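# From the sequence below, what's the structure:
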Amino acid sequence: MLFSTEALVLRCMDTSDYDRILTLLTPEQGRISVIAKGVRSPRSRFASACQPYVYGSYEIYRKGDTNWLRGGSVIEFFSDIRADIEKLSLSAYISDVAAEVTGELVPAVDILRMTLNTLYAIAKEIRPAADIKAVYEFRAAGYAGYMPDISHCALCRSDNAGVTYLDVMNGRLVCPVCLNRQPAAEPQEDSDPVYERSILMPLSAPALAGARYALSALPERMFSFRITDPAACREFHRAAEAYLLNHLERGFDSLNFYKSLVG
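Sure, this is the predicted structure:
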């Protein structure tokens with residue numbers, strides 16, 4: 001079966017002097033692997049479309065469970081990313097997350113659009129890189145099925161205007177009053193104590209507002225906010241990363257490399 005699709009190249013793995021395997025994120029079929037024969041040859045017509053973080057149009061032949069590249073052309077090369085090692089390393093992490101939260105042959109229209117918007121934001125520096133990263137992490141977690149409820153304290157239902165805590169593993173907010181409340185010796189069956197093993201990330205009011213915006217904004221507006229307080233920015237950044245990585249139950253080498261560059 002021969003079919004055409006637009007796709008984002010998430011990863012490339014060289015398999016010989018001339019061949020590579022592409023991991024593509026497509027709107028209709030989600031994440032797919034494609035064998036690209038001869039694309040590493042200097043004479044290949046499709047070499048530019050078979051680079052990481054390229055958005056292109058591809059012709060693919062499927063035989064059984066194997067996909068073979070028959071043609072490709074570039075729609076967006078994101079050249080600004082390739083000129084900066086920090087942008088390149090952050091894009092690698094974003095692409096790794098996209099690959100992790102998508103499935104093979106499962107439609108991925110929303111996550112593809114979000115990932116393209118994020119790569120554009122990185123390339124054009126429309127927001128600080130740490131803000132872009134945090135927004136993507138929160139939204140990717142929601143896409144993967146781990147959407148937190150941060151509308152109010154999960155225990156007392158109050159909308160505390162001061163510091164609250166993101167209960168990472170339970171995907172909820174806990175206010176300071178409930179956090180400090182001493183549990184009864186014999187908890188009732190309907191009680192919901194905060195356990196010592198909980199991962200609690202403090203969120204001041206500006207950081208919480210940023211998290212709420214990141215999770216609820218329309219895709220085309222997801223970077224249209226600003227947290228002016230530096231301490232609140234750091235809370236927002238730390239909470240987003242902790243939330244995503246703990247729910248995915250893994251880390252990423254690309255993230256470690258990016259953090260080694262930016263400190």
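# Name the residues of the one helix or strand in the chain whose mean pLDDT sits lowest that come out as buried.
Counting by mean pLDDT, DSSP states H and E, the weakest-scoring helix or strand in the chain turns out to be helix 176-180, with a mean of 89. Of the residues in helix 176-180, 178-179 count as buried by neighbour count, 16 or more other C-beta atoms under 10 Å. Every residue, glycine included, has its C-beta placed from N, CA and C.
# Contacts for that helix next, please.
By C-beta atoms under 8 Å, 6 or more residues apart in numbering, the residues outside helix 176-180 that reach it are 153, 155-156, 158, 160, 162-165, 194, 200.
# one more time with 7 Å, if that's ok
Applying C-beta atoms under 7 Å, 6 or more residues apart in numbering, the contact partners of helix 176-180 are 153, 155-156, 163, 165, 194.
# Can you name the element that comes right after it?
Downstream of helix 176-180, the next assigned helix or strand under DSSP states H and E is strand 200-203.
# Which strands and helices lie in contact with that following strand?
strand 164-167, helix 230-248 (3 or more C-beta pairs under 7 Å, 6 or more residues apart in numbering; DSSP states H and E).
# Out of the ones you listed, indicate the one that is most buried.
strand 164-167 (a mean of 25; mean count of other C-beta atoms under 10 Å).
# ok, and what's touching that strand?
148, 150, 153, 173-175, 179, 194, 198, 200-203, 208, 239, 243.
# shaky segments in this structure?
Within the chain, the ranges that satisfy pLDDT under 70 run 160-161, 182-197.
# Glu125: neighbouring residues, count only.
By other C-beta atoms under 10 Å, the residues close to Glu125 number 12.
# and Met201, how many neighbours?
Neighbours of Met201 (other C-beta under 10 Å): 20.
# partners of it in the sheet?
Under DSSP bridges, the beta-bridge partners of Met201 are Leu166.
# Could I get the full set of strands for the stretch 1-150 of the chain?
Remark: strands assigned in the stretch 1-150 of the chain by DSSP state E, counting those that start in this stretch are 2-14, 20-26, 30-36, 55-63, 66-76, 149-153.
# Convert the C-alpha atoms of the shortest one to CSV, please.
What follows is strand 149-153, C-alpha atoms only, in CSV (Å, rounded to 0.1, in the frame of the first residue of the first chain):
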residue,chain,number,x,y,z
ASP,A,149,-7.0,18.9,38.7
ILE,A,150,-5.5,22.2,39.9
SER,A,151,-8.7,24.2,40.2
HIS,A,152,-8.8,24.0,44.0
CYS,A,153,-7.6,22.1,47.0
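# Run me through the strand neighbours of it, direction for each.
Strand 149-153 has these strand partners (DSSP bridges): strand 172-174 (parallel).
# Please identify which of the contacts of strand 164-167 is nearest to Tyr93.
When these are compared for distance to Tyr93 (C-beta to C-beta), Tyr243 wins out at 15.2 Å.
# In contact with that closest one, which residues are there?
Here Tyr243 is in contact with 137-138, 141, 148, 166, 168 (criterion: C-beta under 7 Å, 6+ apart).
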